[in-house]
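In: build the 3D model from these lines:
(one chain, ligands or ions: 3)
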Amino acid sequence: MRVQVANHPLIAHKLTYLRDERTDSPTFRRLTEELVTLLAYEATRSVRVEPFEINTPVSPATGIKLSTPKPLVVPILRAGLGMLEGMVRLLPSAEVGFLGMQRNEETLEAITYANRLPDDLSGRQCYVLDPMLATGGTLAMSIQYLVDRGADDITAVTLLCAPEGIEALDDQLRELDVPVTLVTGAIDERLNEKGYIVPGLGDAGDRLYGVV
Ligand SMILES: O=P(O)(O)OC[C@H]1O[C@H](OP(=O)(O)OP(=O)(O)O)[C@H](O)[C@@H]1O
Ligand SMILES: O=c1cc[nH]c(=O)[nH]1
Ligand SMILES: [Mg+2]
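Out: Ligands and ions are numbered 1, 2, ... in the order given. From the prediction side, this is the model:
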């Protein structure tokens, strides 16, 4: 797995406010959207394009446009939903699939409660959105769903990662034999005994949408 940490002072600045426990939900949602727009710039660096002929007011010119099939963006509910607007702002023609997954707080294993993806993902560039990569279980399972439908070009976009989760995900992906790129805002210190990222930002879903 190729791991790319988007080192940029604006990202570090916004992440700091996002982490702060005093940041309220509306601000947390706005910061998440802004961060994703910055990360999406990195994550889409290899988006597929094709030549496109136009006329400027001065002369003909050859530019580029996004290729078809359109990219697929897959937010992992709930928390990944907070990243969707920021991503499709940069990729307005993308289609959107959904995966609803929740981690069991005791076993830390993810279960899937919603799944709406196109049947055939061969030849599609897929962007999976989830703010937190903790143990890596949720992202590993999501990537497995995409690979089962033929995806072979997957980029995961996260705000924060734990080193343990990156290592575990990398191990699992080696078995799948599919190239995956991970673009993240930061790699934190570690996981705590409850599977939370340290220093992290707490429960991203709760901070976006409240404790339900
Ligand atoms: O890497 P992992 O150990 O699998 O943990 C990360 C997952 O945990 C959080 O979701 P959560 O289960 O809290 O669901 P939510 O988005 O509905 O809050 C987060 O958004 C990831 O999906
Ligand atoms: O720190 C963590 C770990 C998993 N899920 C979260 O929302 N936060
Ligand atoms: Mg949560």
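In: against ligand 1, how distant is the residue of the chain most remote from its centre?
Out: Within the chain, the residue lying farthest from the chain centre (C-alpha atoms, centre = their mean) is Val58, at 40.4 Å. Note on Val58: its distance to ligand 1, by C-beta to the nearest ligand atom, to the nearest Å, is 49 Å. Using the backbone N, CA and C atoms, a C-beta is placed for each residue, glycine as well.
In: quick check: residues of this protein near ligand 3?
Out: Counting by C-beta under 5 Å from the ion, the chain comes close to ligand 3 at 203, 205.
In: what segments of the chain are strands?
Out: All strands of the chain, identified by DSSP state E, fall at 2-5, 49-55, 60-66, 72-77, 95-96, 98-103, 110-116, 126-129, 132-133, 154-161, 180-187, 190-191, 197-198.
In: which parts of this structure sit against ligand 2?
Out: Residues of the chain lying near ligand 2 by C-beta under 6 Å from any ligand atom: 79, 132, 134, 195-197, 200, 203-205.
In: apply 8 Å and report the result again.
Out: Neighbours of ligand 2 within the chain, by C-beta under 8 Å from any ligand atom: 79, 103, 131-132, 134-135, 160, 162, 191, 195-198, 200-207.
In: quick one: the residue farthest from the centre of the chain and Gln125, what's the gap?
Out: 33 Å (C-beta to C-beta, to the nearest Å).
In: kindly report the same for Glu85.
Out: Counting by C-beta to C-beta, the gap from Glu85 to Gln125 is 19 Å.
In: perfect, that will be all.
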